[in-house]
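Asker: one predicted model, sequence on top.
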Amino acid sequence: MSEEDKRAAAVAVLPPTEHRLAASANLDLMPSLEVLQLLNSQDRIAVEAVQAVLPELAELVDIAAERFRSGGNIHYFGAGTSGRLAVLDAAELLPTFNLPNGRVVAHIAGGERAFVQAVENAEDSIQEGSLAADTLGEHDVAIGFAASGNTPYVGGALTRARELGAVTALVSSNPGARLEPLADIHICVDTGAEVLTGSTRLKAATAEKLVLNGFSTALMVAVGRTWSNLMVSLVATNDKLRLRTLRILSEATGLDQEAAEVLLSEANGDLKTAIVMSLASVECDEAGAALQQGKSSVRAALEVLQSPATN
């Protein structure tokens, strides 16, 4: 085999994210505006790649929602950029959806330190990934994030999660991902070569962030953490969020701010209870009981109160 053939064979087994992008061959000669325009045009590919996998992502959401409702938890596993994006998504679910700790958990290779400081060798540890998944059970869902589809840490986590009976999924940018056999669902967001060769913090990461945004938001919608398009489960931990809570209550009920403040006080500060009290014309205790019966979903609580058995 000639040297040229050997090089071609080596490139063929590389993930697409490690290939060189012809459009950026003169990257270091481009003025800043051209660099930014090229990056922006390539980012659009990430959006289109996510659109192509929405059916698979919807399947994962539906499976996760069913398990979540039965008490199962969702676990993200990733290394480097993938892990940091997973940590970010999980962390933001608490204030946005009042999600208790432990329901959506992110595990990053190298631990918490790796979120703010690169620990590049941590991704090579199959054992660390396996240990991170050691607490999972048959009602849980394990989702591995690895642009290359080959990260040993993620492989260790998915292997152990599957042994423990969890549903497993892989989000990658590699149609030939070596970890695919470990996943019940492979969401392959094929973003191709990066502008800066191998730098998956670019459009591969953009695609992963879009997948995470879509997955967690659709999951929270499916399990009743929203009403209409309003964040009725948010935690008002600062002045901005307290004002947002009043705006949401006004939007949901048609009350002015003063009346919304009074109602929220009567509901002991609980936004969902206040909404149900107003829309169903019931007292705080009755609204709270309906929400409990409706598993904390405003829409389900209203249906409970409108049913003939309740009236």
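Answerer: Arrived safely. None of the values given here were measured: they were computed from a predicted structure.
Asker: strands of this protein, start to end?
Answerer: 74-78, 104-108, 141-145, 167-172, 185-188 (DSSP state E).
Asker: so which of the ones you listed comes closest to A301?
Answerer: strand 104-108 (23.1 Å; C-beta to C-beta). All C-beta spots, glycine's among them, are computed from the backbone N, C-alpha and C.
Asker: send me the closest one as CSV with only the CA atoms.
Answerer: Below are the C-alpha coordinates for strand 104-108, written out as CSV (Å, rounded to 0.1, in the frame of the first residue of the first chain):
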residue,chain,number,x,y,z
VAL,A,104,-31.8,15.0,35.9
VAL,A,105,-28.2,14.5,36.7
ALA,A,106,-25.1,15.3,34.7
HIS,A,107,-21.8,13.4,35.0
ILE,A,108,-18.6,14.8,33.6
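Asker: who does it touch, helix- and strand-wise?
Answerer: strand 74-78, helix 80-97 (3 or more C-beta pairs under 8 Å, 6 or more residues apart in numbering; DSSP states H and E).
Asker: could you rerun that using 10 Å?
Answerer: Other elements packing on strand 104-108 under the criterion 3 or more C-beta pairs under 10 Å, 6 or more residues apart in numbering; DSSP states H and E are strand 74-78, helix 80-97, helix 113-116, helix 126-132, strand 141-145, helix 152-163, helix 203-222.
Asker: how about a markdown table for the strands of the chain, with mean neighbour count, distance to V235 and mean pLDDT added?
Answerer: Shown next, in a markdown table, are the strands of the chain (neighbours: other C-beta atoms under 10 Å; distance: least, C-beta to C-beta, whole Å; pLDDT from 0 to 100):
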| stretch | mean neighbour count | distance to V235 | mean pLDDT |
| --- | --- | --- | --- |
| strand 74-78 | 28 | 19 | 98 |
| strand 104-108 | 24 | 15 | 97 |
| strand 141-145 | 29 | 24 | 98 |
| strand 167-172 | 28 | 28 | 98 |
| strand 185-188 | 20 | 30 | 98 |
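Asker: of the ones you listed, which is nearest A205?
Answerer: strand 141-145 (9.5 Å).
Asker: each with direction, which strands does that closest one pair with?
Answerer: When pairing is defined by DSSP bridges, strand 141-145 lines up against strand 74-78 (parallel), strand 167-172 (parallel).
Asker: can you lay out these as JSON lines showing distance to E283?
Answerer: Shown next, in JSON lines, are these (distance: least, C-beta to C-beta, whole Å):
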{"stretch": "strand 74-78", "distance to E283": "35"}
{"stretch": "strand 167-172", "distance to E283": "41"}
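Asker: the closest residue to T197 other than its chain neighbours: how many residues sit nearby?
Answerer: Sequence neighbours aside, R20 is the residue nearest to T197 in space, at 5.0 Å (criterion: C-beta to C-beta, 6 or more residues apart in numbering). Applying other C-beta atoms under 10 Å, we find 14 residues neighbouring R20.
Asker: ditto for D239
Answerer: With other C-beta under 10 Å as criterion, D239 counts 8.
Asker: the one 4 residues further on now?
Answerer: For L243, the tally of surrounding residues (other C-beta under 10 Å) stands at 12.
Asker: how about the strands of the chain in JSON lines, adding distance to V119?
Answerer: Converted to JSON lines, the strands of the chain look like this (distance: least, C-beta to C-beta, whole Å):
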{"stretch": "strand 74-78", "distance to V119": "13"}
{"stretch": "strand 104-108", "distance to V119": "9"}
{"stretch": "strand 141-145", "distance to V119": "16"}
{"stretch": "strand 167-172", "distance to V119": "21"}
{"stretch": "strand 185-188", "distance to V119": "26"}
